[in-house]
Every structure is written in structure tokens, then in C-alpha cells.
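Colleague: whatever this is, show me its structure:
(one chain, ligands or ions: 1)
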Amino acid sequence: HELTSEKRVIQDDALWHLVDDNKTPDITQLIKQYNQSSNAISSLLGRSGAALAKLPITAMQAGNWYVMPVANFVDQGHAYWQDELGNIKQLADFSQFQQPQSVVLMHGQAFKLTLKKPSTGNLWIYIKAKHYPTPAHIAVVPESQFIASSFVVNSLSIVTITVMLMLAIMALILFIKTRYKVAAFCFGYVGLHGLGWAMAAGLGQIIYPMSPVNTSYAGMYLFPFAIGCASYFAYYLFNFNRLKPIKNRLLVYYANIALLLGVGMLFLPFTWVFYLSHLLASIWVWVSLFVGYKMLSLQDFRAKYFFTGNLVYSLSLVYYMLSHFTAFDGPSPELVVMLALSIDCVCIVMSLSEWLRLKQQEFNHVMHQSRFDALTGVGNRLLLNEKLADLQNKYLVVFIDCDSIKQLNDQLGHAQGDQFLIYVADLMQQQLADLGQVFRTGGDEFIGLCEVNQGNDLVSLKWNIEKRLQEINIQVKQRWPASGISYGIATSEEGKSASQCLSIADSRMYEVKSQHKAQATSEV
Ligand SMILES: Nc1nc2c(ncn2[C@@H]2O[C@H](COP(=O)(O)OP(=O)(O)OP(=O)(O)O)[C@@H](O)[C@H]2O)c(=O)[nH]1
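Modeller: Next comes the predicted model:
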């Protein structure tokens, strides 16, 4: 392999010799043993264990290159240089438990190859892993290219992981504040994916190089729990928990299977873990797209985010699988999936915010329904009680009862009686708008509540209100001459409490009503 100023990728076909990995290897011995051997296996893909590769290298000029054994998971990695004379010296130890030689995320463990003069020799690479999920190829990159590409890969990895973890923290805060399960599962969905990818990308090794276990495997173990949370999240997002039919529990069954498998996987060999996690993910892709599509067709407003996010993620998985089966040689498949996943996480948190918006709307609706009268739109007794409890200044209350509505109902019909009540309520709201508020407390009973403010005192307020009530009475009588309103006013200075004021106003209203009745009888 001639090293030039171009990147060189040495495919894993017929590159690796599987070697005995039971004991700590003496690699110099291994190198001597395999120096003449030509029985390399076709590929490391899907295997596990230790393997040795011999790369005959020629460099026409001196230079610095970075060698990247791309194998996704590496427990042990050693590189040796054998010069033309057959002398062997160790070049690098890029094992998982070593301080990384260079910070490259996304399984990009790399070491530097410095050739001080034009050289020919053999580069020997020994790797050991629990599973090789990709064709374990070796890339040799000139230093300048390596620096540029590791800057891009590291930056994108850090940004996407940060986005996912920040979104997870947002969801956690929402859960702490609201106690809604959907927010808790959103936290699990986004957070476990973010954490899993951070580990898979090698961040665990960089942050905690002394870890007794290889943290890059951790992502695969976290994955089933992330899928379990995702499935529960969809279940609560679309409020399937409120619907009865059994099929709506499918998401719960899937979530529980994923969570159980997650626990079971802790006791399985890593190859199993790898395949089971990918199986769960493949099924989840279809489940999520199906649920998203179904909800979209039902015009559920949350579905557009859920569906879009999962579609982007699914497409990235197709890209990932195509590049893994080497049918299509796309660059950085893991990075593409991680970028897509961070977009998915943004969409997921947006669908959560839509869910919370709906909850807020429902809450506002219930609040309104419980405090406002459906017929007239004015406040009801519950709202009146709340306002009475909140009073700070002097105030007055007006007790209003409509006259002869029974008769109006009997003669003109109930609908006309309703119109009458609506008309009276509207008039009172208009007339008292700048002074206070009106409440419907019974069939044809209303209460007005006016608080003294900087612009008026109790006397002027009472005078003002009386004038306006008379005006209301005149206007009502213009449309329904046999009806009208009777009212009584009481101020906070007349009673010790609001209820005492109300009963004073009530009895004053009855006096007025009696007069109205007497007047009506004499007119007859
Ligand atoms: N159309 C209509 N009538 C109602 C409504 N709520 C209560 N009423 C009627 O209002 C009347 C209230 O009773 P009263 O206060 O004794 O009736 P009234 O004819 O106004 O008698 P006075 O108050 O003594 O003048 C009842 O006949 C109820 O049917 C309503 O929402 N719509």
C-alpha cells in the first residue's frame, strides 16, 4: 500500500487473521508467526475475538499519517512497525482502556504513523472486540486531512449529543413540573438515545478513560430501554391510555417486551445484544411510522412532528444498513444516524409541547365551563365566591331579580325567556363594565359586584350604579313591557361580611319587587 497525500481505505476482505485470544498475546511472537502466513479470512464482519492484519507499506517520501482501524468496538488495539530489516517496534496502543492517542469520536480510534524518510515496511495491527458489526477496514489518512475530518466529526458528534441531552433535560423539567407520564417517557426516549449514542461514539472513554468496562458497548445495552420509553411515549402522546380497545395496548406490549429484553440482555453475549437491539430498532421504525401515519390520517395535530421525526430517523437507518452491507459506500453512517436522531429528538419534544398545549387548552376550557354561565356568558356563583374572597377594598353588591319571567315564558315561550335573560345579562355587563362584574347566581337572579378604586368612593359608586340600573330597567321594558328588573344595593360598610351584604341587598331587592308587583296589580 503506497502512502500518498490521499486518504487510503484498506478493505477488510482477506486482511485479517483470526488469532487465539484466550491469553494476553505476545504480539511480537504473533507477528513472527504470521509473517509468512497467507490464510487471511474473508471478513471480520459479524465475528468476534482477536485478529491480526499485516499491511505492507511504501512511502516515497517522509510524512505523518493517521491510521484508523474502523471496527466500531475495540477492546484491545496494538500497532507495530516492522522495518525492511525485520526489526519490530511498537507504534501505538489504542486499546479501549488506554488514554486515547487522539480524540476522534464515532469509533474513530486512530494513531499516528510518522515516517522520517522514504520507507518500506510492514504495519501490523492487532485488534480484539466482542463483536465486529462493520467490515473492519483500515483507513490511512494524511495528517492535514485527519485534523480537518476529525474536527468535523467531533464537532457534529458533540453538537448532536448535546442537543439530545439538553432536550432530555427539558423533558425532565417538564415532568418534574407537571408530573405527566408522557414527559417522563419523553425524557427516557430522548435521554437514553442521547446517552447511548454518546457512549457508542466513544465519549465515555474520553470522559472516563479509567473505566473498568468498555463504555462504547453501553449504547447497545441502553437501546432497548430507549425503545421501551419511545413506545410508552407514543402511547401517552396520542392518549391511547384513554381508549379502551385492546389494539391500543400494542404499544404497551411492545414497550414491555423491549424493557424486558433490555434486562435480559445484561446476561447475554454482546453479539446477541447487538442483533437484538437492532431487531428492536427495526421493528420500532415500522411501529412508529405506522402509528404516526395512522394518527396523521386522523388529523391528529401532534402526529406531524412524531411522523416527521421518525421518518428522518428511519431514512438514516436505511442509509446505515446499506453502508453496513457494503452495497453502498456512504461516509460516516453512524454520524448520519446520530444527526437524524437528534432531528427526531427535536420533533419528539415538539410533539410533547403540542401535547402540553392541548392539556392547557382542556384545562382552560374546564376552568371556563366551571366558572361561566353557559346561557348568558357571565360568571357563575363559583366565580362570584372566588371574587368575593379576593376583595381588597370597599365594595358594593347589587342583587338583581328579573320580574315576571315565568309569565313571559308561559306567554311567549321558553326561547323568548332565554333571549330575555341574555339581553338583561348583556345590558348589565355593558353598563357595569367599567365599575365591576356581573354574575348569574340563579335562574333569573344576577349579582353585581363593584369594588371602590382610585377614581370613585362608595357614595359616588352607589349613585352611579343606581343610575345605570334604572337605565337597564327602561331598556328592558322597551322590549318586554310586562317585565323589568328589581334590584337592591348594599355596601361593605353596611355588613360585617360579604354574605351579610348580600342578604341586605337581597331583602332590599324584595322590597322593590313588592312595590313593582303592587304597581302591576293596581295598573290591572
Ligand atoms: N327561559 C328561561 N327561564 C328560566 C331560566 N331559569 C329560570 N327560569 C324561569 O325563571 C322563573 C323563576 O322563578 P320566579 O322568580 O318565581 O319567576 P318570576 O316570574 O320572575 O317571578 P318574580 O321573580 O316574583 O317576578 C321560573 O319560572 C323559571 O322557569 C332559564 O334559563 N330560561
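Colleague: contacting residues for the residue lying closest to residue 39 once chain neighbours are set aside?
Modeller: Residue nearest to residue 39 in three dimensions, not counting chain neighbours: residue 17, with 6.9 Å by Cβ to Cβ, 6 or more residues apart in numbering. (C-beta placed from N, C-alpha, C; glycine too.) By Cβ atoms under 8 Å, 6 or more residues apart in numbering, residue 17 lies in contact with 34, 37, 39, 40, 41, 51, 52, 53, 54.
Colleague: among those, which are in helices?
Modeller: residue 34 (DSSP state H).
Colleague: need the contacts of residue 17 in a markdown table with neighbour count, can you?
Modeller: What follows is the contacts of residue 17, written out as a markdown table (neighbours: other Cβ atoms under 10 Å):
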| residue | neighbour count |
| --- | --- |
| 34 | 17 |
| 37 | 10 |
| 39 | 8 |
| 40 | 18 |
| 41 | 14 |
| 51 | 25 |
| 52 | 24 |
| 53 | 24 |
| 54 | 21 |
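Colleague: now render the contacts of residue 17 as JSON lines, adding pLDDT.
Modeller: Below are the contacts of residue 17 laid out as JSON lines (pLDDT from 0 to 100):
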{"residue": "34", "pLDDT": "84"}
{"residue": "37", "pLDDT": "79"}
{"residue": "39", "pLDDT": "82"}
{"residue": "40", "pLDDT": "86"}
{"residue": "41", "pLDDT": "86"}
{"residue": "51", "pLDDT": "93"}
{"residue": "52", "pLDDT": "93"}
{"residue": "53", "pLDDT": "93"}
{"residue": "54", "pLDDT": "92"}
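Colleague: so for the protein, the centremost residue is which one?
Modeller: In the chain, the residue lying closest to the centroid (Cα atoms, centre = their mean) is residue 349, at 2.6 Å.
Colleague: gap between the helix-or-strand element of the chain with minimal mean pLDDT and the chain center?
Modeller: Least confident helix or strand, the chain: helix 203-207 with a mean of 80, by mean pLDDT, DSSP states H and E. Centroid separation for helix 203-207 versus its chain: 25 Å, with Cα atoms, centre = their mean, to the nearest Å.
Colleague: got the CA positions of the next helix or strand along the chain from that helix in CSV?
Modeller: Next along the chain after helix 203-207, taking DSSP states H and E as the criterion, comes helix 218-237. C-alpha atoms of helix 218-237 as CSV (Å, rounded to 0.1, in the frame of the first residue of the first chain):
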residue,chain,number,x,y,z
ALA,A,218,-23.0,0.6,26.7
GLY,A,219,-25.1,2.2,24.0
MET,A,220,-26.3,-1.2,22.8
TYR,A,221,-27.4,-2.1,26.3
LEU,A,222,-29.3,1.2,26.8
PHE,A,223,-31.0,0.9,23.4
PRO,A,224,-33.9,-1.4,24.4
PHE,A,225,-34.7,0.9,27.3
ALA,A,226,-34.8,3.8,24.9
ILE,A,227,-37.1,1.9,22.6
GLY,A,228,-39.3,0.9,25.6
CYS,A,229,-39.6,4.6,26.6
ALA,A,230,-40.3,5.6,23.0
SER,A,231,-43.1,3.1,22.7
TYR,A,232,-44.7,4.3,26.0
PHE,A,233,-44.2,7.9,24.9
ALA,A,234,-46.2,7.3,21.8
TYR,A,235,-48.9,5.5,23.8
TYR,A,236,-49.3,8.5,26.1
LEU,A,237,-48.7,11.2,23.4
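Colleague: pLDDT averaged over stretch 507-514, what's the number?
Modeller: For stretch 507-514, mean pLDDT rounds to 94.
Colleague: CA atoms only for it, dumped as CSV, please.
Modeller: Only the C-alpha atoms of stretch 507-514 are listed here, as CSV (Å, rounded to 0.1, in the frame of the first residue of the first chain):
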residue,chain,number,x,y,z
SER,A,507,-84.1,42.0,51.2
ARG,A,508,-83.9,45.5,49.6
MET,A,509,-84.5,43.8,46.2
TYR,A,510,-87.6,42.1,47.6
GLU,A,511,-88.9,45.4,48.9
VAL,A,512,-88.6,46.8,45.4
LYS,A,513,-90.1,43.7,43.9
SER,A,514,-93.1,44.0,46.1
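Colleague: show me what counts as buried in it.
Modeller: 508, 509, 512, 513 (16 or more other Cβ atoms under 10 Å).
Colleague: need the contacts of residue 17 in a markdown table with distance to residue 462, can you?
Modeller: Formatted as a markdown table, the entries for the contacts of residue 17 read as follows, by distance: Cβ to Cβ, whole Å:
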| residue | distance to residue 462 |
| --- | --- |
| 34 | 107 |
| 37 | 109 |
| 39 | 108 |
| 40 | 104 |
| 41 | 101 |
| 51 | 97 |
| 52 | 101 |
| 53 | 99 |
| 54 | 104 |
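Colleague: give me the number of residues near the residue in the stretch 201-350 of the chain that the ligand sits nearest to?
Modeller: Here the stretch 201-350 of the chain gets closest to the ligand at one residue, residue 242, 32.8 Å apart by Cβ to the nearest ligand atom. For residue 242, the count of nearby residues is 8 (other Cβ atoms under 10 Å).
Colleague: low-confidence stretches in the stretch 301-450 of the chain?
Modeller: Residues of the stretch 301-450 of the chain meeting the criterion pLDDT under 70: 325-331.
Colleague: write out the residues of it neighbouring the ligand.
Modeller: Counting by Cβ under 6 Å from any ligand atom, the residues of the stretch 301-450 of the chain close to the ligand are 375, 401-407, 409, 414, 417-418, 421, 443-444.
Colleague: which of those residues fall within strands?
Modeller: Among those, DSSP state E puts 401, 402, 403 in strands.
Colleague: show me what contacts the residue nearest to residue 324 when sequence neighbours are not counted?
Modeller: Sequence neighbours aside, residue 134 is the residue nearest to residue 324 in space, at 5.8 Å (criterion: Cβ to Cβ, 6+ apart). Contacts for residue 134 (Cβ under 8 Å, 6+ apart) come out as 45, 70, 71, 72, 324.
Colleague: need phi/psi at residue 134.
Modeller: When read as degrees, to the nearest 10, the backbone of residue 134 gives phi -120, psi 160.
Colleague: pLDDT score for it?
Modeller: On the pLDDT scale, residue 134 gets 82.
Colleague: ok, now residue 100?
Modeller: Predicted confidence (pLDDT) for residue 100: 56.
Colleague: go on, residue 208?
Modeller: Residue 208 carries a pLDDT value of 78.
Colleague: same deal with residue 97?
Modeller: On pLDDT, residue 97 comes in at 66.
Colleague: what's the answer for residue 35, then?
Modeller: Reported pLDDT for residue 35: 82.
Colleague: grab the nearest non-local neighbour of it.
Modeller: residue 54 (7.5 Å).
Colleague: which residues does that neighbour bridge with?
Modeller: For residue 54, the beta-bridge partners are residue 124 (DSSP bridges).
Colleague: isn't it right up against residue 38?
Modeller: No - using Cβ atoms under 8 Å, residue 54 makes no contact with residue 38, being 9.7 Å away.
Colleague: in the helix or strand where residue 194 lies, what counts as buried?
Modeller: Per DSSP H and E, residue 194 falls inside helix 181-200. Of the residues in helix 181-200, 182-200 count as buried by neighbour count, 16+ other Cβ under 10 Å.
Colleague: okay, the residue nearest to residue 277 when sequence neighbours are not counted: pLDDT?
Modeller: Leaving aside its sequence neighbours, residue 277 sits nearest to residue 223 (Cβ to Cβ, 6+ apart; 4.2 Å). Residue-level confidence at residue 223 comes out at 94, pLDDT.
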